[in-house]
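> Predicted model follows, preceded by the sequence.
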Amino acid sequence: MVDCTLSGADIDSVESFAGKDISMEIFKGLHAFIWRDFQANNCNTYFIEGSKKILVDPGIFQFFSHVRAGLAHLGLSPGQIDVVVITHEHYDHMDSVHLFEKPTWIAMSRGARDSIRKYGNGREVFPEPDFMLTEGTLNIGNASFYIIPSPGHSPGSICVYWPDRKVLFSGDTIFKQSIGRSDLPGGQGSLLKESILRISKLDIEYLLPGHGEIIEGKKEVQENFRFIERQWFRYLEDN
């Protein structure tokens with residue numbers, strides 16, 4: 001298990017994030033740790049608390065104090081996480097996975113695992129995932145999700161849809177008024193376009209992206225898809 005105690009540095013981190021939305025409650029059982037420092041790359045991390053505790057995209061090791069502080073704000077520690085879900089293989093979303101030890105499980109797509117082996121990931125060794133995420137229903141405790149492959153930004157990208165709560169964890173497939181890059185190794189613009197079109201058909205009340213601000217409300221989510229189609233799809237035609 002990950003050490004459940006807070007060091008002096010961790011306590012300082014909790015204090016330094018005070019008043020900065022270190023833990024944003026979206027609704028009961030779902031919290032967001034939004035990364036707001038645009039001078040340093042890191043991702044948003046999401047925490048689901050049901051019969052099992054789930055963390056989506058723990059981010060960069062260097063900035064894990066951001067996540068640790070968010071959990072501490074809720075009276076929790078990383079050692080209490082049951083499952084870490086990775087939306088894709090890029091360093092800024094999954095560098096911190098090596099902090100977690102059994103009984104915490106790590107889950108990612110086979111495409112993400114294979115992409116790390118092919119292209120690398122900025123770290124020499126990453127732990128082998130405990131199970132692979134494939135298209136279809138994923139039950140973790142009392143929560144049921146649907147895994148949607150969404151290649152384009154990266155070969156192993158997935159979106160995680162929570163149909164009971166109409167929540168989409170979109171990774172770097174789509175953001176508020178923007179999309180993930182498709183010019184990184186294994187990226188492909190035409191596939192990204194197809195992935196966005198597919199997820200745009202879902203019934204979404206909360207769009208939770210890997211970077212930037214959350215979009216709340218079905219009308220606002222659909223308007224964001226329309227904006228992206230108008231502003232960004234033309235750049236994906238030949239990429």
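Happy to help now that I have it.
> who touches residue 64 in this structure?
58, 96, 99 (Cβ atoms under 8 Å, 6 or more residues apart in numbering). C-beta: built from backbone N, CA, C; applies to glycine.
> which of those has the most neighbours?
residue 58 (28 neighbours; other Cβ atoms under 10 Å).
> Cross-check the contact I'm expecting between it and residue 96.
Yes - the criterion here is Cβ atoms under 8 Å, and residue 58 meets it with residue 96 at 3.9 Å.
> Identify the contacts common to the two.
Common neighbours of residue 58 and residue 96, using Cβ under 8 Å, 6+ apart, are 64, 67.
> Other residues contacting stretch 108-121?
85-86, 88-91, 94-95, 126, 128-129, 132-134, 147, 149, 151, 154-158, 185-186.
> Just the buried ones among those residues, please.
Neighbour-count burial (16 or more other Cβ atoms under 10 Å) applied to the contacts of stretch 108-121 gives 85-86, 88-91, 94-95, 126, 129, 133, 147, 149, 151, 154-158, 186.
> buried ones in stretch 195-202?
Those would be 195, 196, 199, 200, 202, for stretch 195-202 by 16+ other Cβ under 10 Å.
> Stretch 162-172: which residues count as buried?
Neighbour count says stretch 162-172 has 162, 165, 167, 168, 169, 170, 171, 172 buried, by 16+ other Cβ under 10 Å.
> how about CSV for those residues, with distance to residue 108 added?
CSV is the format used below for those (distance: Cβ to Cβ, whole Å):
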residue, distance to residue 108
162, 18
165, 22
167, 19
168, 18
169, 13
170, 16
171, 11
172, 14
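> and these as TSV, adding pLDDT, secondary structure and distance to residue 104?
Listed next are the buried residues of stretch 162-172 as TSV, based on pLDDT from 0 to 100; DSSP: H, G, I helix; E, B strand; the rest coil; distance: Cβ to Cβ, whole Å:
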residue	pLDDT	secondary structure	distance to residue 104
162	98	strand	20
165	98	coil	23
167	98	strand	22
168	98	strand	24
169	98	strand	18
170	98	strand	24
171	97	strand	20
172	97	coil	23
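> Going by distance to residue 63, which of those wins?
Closest approach to residue 63 among the buried residues of stretch 162-172 (Cβ to Cβ): residue 172, at 16.7 Å.
> Spatially nearest residue to that closest one, not counting backbone neighbours?
Spatial nearest neighbour of residue 172, chain neighbours left out: residue 180 (3.6 Å); criterion: Cβ to Cβ, 6 or more residues apart in numbering.
> could you give me the average pLDDT of stretch 194-214?
For stretch 194-214, mean pLDDT is 97.
> That stretch: how far from the chain's middle?
12 Å (Cα atoms, centre = their mean, to the nearest Å).
> where does this structure have low pLDDT?
Applying pLDDT under 70 to the chain picks out residues 1-21, 120-125, 238-239.
> And the lengthiest strand in the chain, what's buried?
The single longest strand within the chain, with elements called by DSSP state E, is strand 143-149. The neighbour-count check on strand 143-149 (16+ other Cβ under 10 Å) flags 143, 145, 147, 148, 149 as buried.
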